[in-house]
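*Asks:* Kindly generate the corresponding structure for this input.
(4 chains)
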There are 2 protein chains.
Amino acid sequence: MRRSRGRPRQFDSETVLDQAVAAFSVHGYSATSLDELARATGLNRPSLYNAFGDKEALYLQALEHFVSRLRTALADTVVAEADLPTALRKLFLGALAVYFAERPALGCFVFCTAPVEAVAHPAVRALTLGLVEELDALLGARFAAARDAGQLPAHTDPAQMAKLAQATLHTLAIRARAGESRASLERFIEHTVAVLAPVTKASRRRGTSRS
Amino acid sequence: MRRSRGRPRQFDSETVLDQAVAAFSVHGYSATSLDELARATGLNRPSLYNAFGDKEALYLQALEHFVSRLRTALADTVVAEADLPTALRKLFLGALAVYFAERPALGCFVFCTAPVEAVAHPAVRALTLGLVEELDALLGARFAAARDAGQLPAHTDPAQMAKLAQATLHTLAIRARAGESRASLERFIEHTVAVLAPVTKASRRRGTSRS
DNA sequence: TATAAATTATGCGAACTGTTACAAAATTAT
DNA sequence: ATAATTTTGTAACAGTTCGCATAATTTATA
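*Replies:* Take a look at the predicted model:
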């Protein structure tokens, strides 16, 4: 790997984007100043501009960075886990861990901060809708697979169940940021998993664990 | 009703708050300037200050105004309607009508714009959590009544079903603002009503209509 | 070693932000 | 009528915003 010609960068782009995600998560796009972003990332404003473009471009790249991390996390839970209730439980509890990572809880970076900007910034809107549709598709495929494997009633509509599962993510994000307790949300998750993926006699016979 | 002493106001507070709700709904709290608010309401900035206090106070009163309107709308649907599936359908479709009132769709004023500010402004956070809890309680009572009337299985957990119903509102709000089509959300509503309030043999015999 | 290329740092500036003083206008009470 | 009181409009304030021009620094290449 050849090094580029001029003075080398003194920062790692991924790290900076992580820090930008953290900064934007607190006050959202509009209320986060470039001064704050510079402080949070350790670079100064011209460096931010040189590397990422203007404020909107930086916000968009922070969103994309967050989504790409989310994508890999989903592959490890929703796709990899064979048992549907376990997959859903892992998904929701994993989301909760992210939403409560800071004090106070900040909820989901995309679902709690992007909708506000979606109206004024078409690119933000497209990214948000893109994530929503991607999750619908991923979860839809997961529900379809479970149904085809006989873990769900044959009349189940996988696409609509997927939307209900994503609705759970949305409400968890909003409730966490609004200040609802983590314990309350954990109880809600347990109930919701039971509604979305009722344990059938067959799966009970197979003895699916809850880890 | 005695008139107050000085020069009378040239505006109606309720109307101004409606206009403030509309203005804040577009760009959220931070990105809406007092100039925009003055233009939207027809008053000039000092009048806004005199009548409502600073920007945060105005935003809070706009939120409260919106919630109080919502409260009366809920009384007409969720509480008044005897049949649970019909009540839920009216609730969700009524929400959709509000979320799609403008072009592009703006979603819910509270659930789409307040969460961002909730972290920095404790009063906004309290109001948001207050609305969430109020809806939980209202819907919980509605599900409990339906269960006690034999319209739902005896093992139903009304409080958790209420949270799932509110999750539907949250996802409708986010999806509408992100640009998902109204037709798609109407299909989702139909499916969700069937999941939350399955039509039992008893209610089918009673012949509940869908209007 | 000299040159080109890229990043970093300092600092500036024009525009906009929320907020407040102040005087003019409009109404009620005395 | 005069005084008291409240709202309105103009204007201005101090602080912050984003973005950029410029110069200094660091590296690869010729």
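
*Asks:* so which helix or strand takes in the spatially most central residue of chain A?
*Replies:* Centroid check for chain A by CA atoms, centre = their mean gives residue A:70 as the closest residue, at 5.1 Å. Per DSSP states H and E, residue A:70 falls inside helix A:55-74.

*Asks:* Roughly how far does the residue nearest to the centre of chain A sit from chain B?
*Replies:* Using CB to the nearest CB, to the nearest Å, one gets 16 Å for the distance from residue A:70 to chain B. Where C-beta positions appear, they are placed from N, C-alpha and C, glycine not excepted.

*Asks:* next one: residue A:155
*Replies:* Relative to chain B, residue A:155 is positioned 11 Å away (criterion: CB to the nearest CB).

*Asks:* for that residue, helix, strand, or coil?
*Replies:* Of the three states, residue A:155 takes coil under DSSP: H, G, I helix; E, B strand; the rest coil.

*Asks:* Can you give me the neighbour number for it?
*Replies:* Using other CB atoms under 10 Å in any protein chain shown, residue A:155 is surrounded by 6 other residues.

*Asks:* just to revisit the earlier point, distance from the chain centre to whichever helix or strand comes after the helix holding residue A:70, please.
*Replies:* Secondary structure here is assigned by DSSP H and E; on that basis, the next helix or strand after helix A:55-74 toward the C-terminus is helix A:84-99. Going by CA atoms, centre = their mean, to the nearest Å, the spacing between the C-alpha centre of helix A:84-99 and its chain's C-alpha centre is 11 Å.

*Asks:* Can you give the contact residues for helix A:84-99?
*Replies:* The list of residues contacting helix A:84-99 from outside it, by CB atoms under 8 Å, 6 or more residues apart in numbering or on different chains, reads A:73-74, A:77-78, A:81, A:105-108, A:142-143, A:146, A:151-152, A:165, A:168-169, A:172-173, A:176-177, A:182, A:185-186, A:189-190, A:192-194, A:196-197, A:199, A:203, A:208-211.

*Asks:* now do 6 Å
*Replies:* Helix A:84-99 is touched from outside by A:77-78, A:81, A:105, A:107, A:146, A:151, A:169, A:172-173, A:176, A:185, A:189, A:193, A:196-197, with contacts defined as CB atoms under 6 Å, 6 or more residues apart in numbering or on different chains.

*Asks:* Check what pLDDT residue A:211 gets.
*Replies:* At residue A:211, the model reports a pLDDT of 45.

*Asks:* Then residue A:5?
*Replies:* For residue A:5, the pLDDT comes out at 85.

*Asks:* Could you list the contact residues of chain A toward DNA strand C?
*Replies:* Where chain A comes near DNA strand C, counting by CB under 7 Å from any atom of the strand, the residues are A:4-11, A:43-47, A:50-51.

*Asks:* Now compare those residues and name the two farthest from each other.
*Replies:* For the residues of chain A next to DNA strand C, the maximum inter-member distance is 23.9 Å, found between A:5 and A:45 (CB to CB).

*Asks:* who has more neighbours, the two?
*Replies:* Using other CB under 10 Å as the criterion, residue A:5 and residue A:45 rank with residue A:45 on top: 13 against 6.

*Asks:* contacting residues for the more buried one?
*Replies:* Taking CB under 6 Å, 6+ apart, one finds A:34, A:38 in contact with residue A:45.

*Asks:* And it, how close does it get to DNA strand D?
*Replies:* Separation of residue A:45 from DNA strand D (CB to the nearest atom of the strand, to the nearest Å): 4 Å.

*Asks:* Can you tell me, leaving aside adjacent residues, what's nearest to residue A:35?
*Replies:* In this structure, residue A:35 finds its nearest non-sequential neighbour in residue A:45, 7.6 Å apart by CB to CB, 6 or more residues apart in numbering or on different chains.

*Asks:* do the same with residue A:59
*Replies:* Looking at residue A:59 with CB to CB, 6+ apart, the closest residue is residue A:29, at 5.1 Å.

*Asks:* wait, the one you found sits on residue A:118?
*Replies:* No. Taking contact to mean CB atoms under 6 Å, the distance of 10.3 Å between residue A:29 and residue A:118 leaves them out of contact.

*Asks:* Tell me how many other residues crowd the residue nearest to residue A:144 when sequence neighbours are not counted.
*Replies:* Sequence neighbours aside, residue A:158 is the residue nearest to residue A:144 in space, at 3.9 Å (criterion: CB to CB, 6+ apart). Close neighbours of residue A:158, defined as other CB under 10 Å, add up to 18.

*Asks:* give the contact list for residue A:158.
*Replies:* With contact taken as CB under 6 Å, 6+ apart, residue A:158 is in contact with A:140, A:143, A:144.

*Asks:* Would you mind naming what in chain A lies close to chain B?
*Replies:* Contacts of chain A with chain B, taken as CB under 6 Å from any CB of the partner chain, map to A:26-28, A:30-31, A:111-113, A:115-116, A:118-120, A:125, A:128-129, A:132, A:160, A:163, A:167-168, A:170-171, A:174, A:177-179, A:188, A:191.

*Asks:* Take those and keep only those in strands.
*Replies:* When those are checked against strands using DSSP state E, none is located there.

*Asks:* from these, which would you call buried?
*Replies:* A:26-28, A:30-31, A:111-113, A:115-116, A:118-119, A:125, A:128-129, A:132, A:160, A:163, A:167-168, A:170-171, A:174, A:177-179, A:188, A:191 (16 or more other CB atoms under 10 Å in any protein chain shown).
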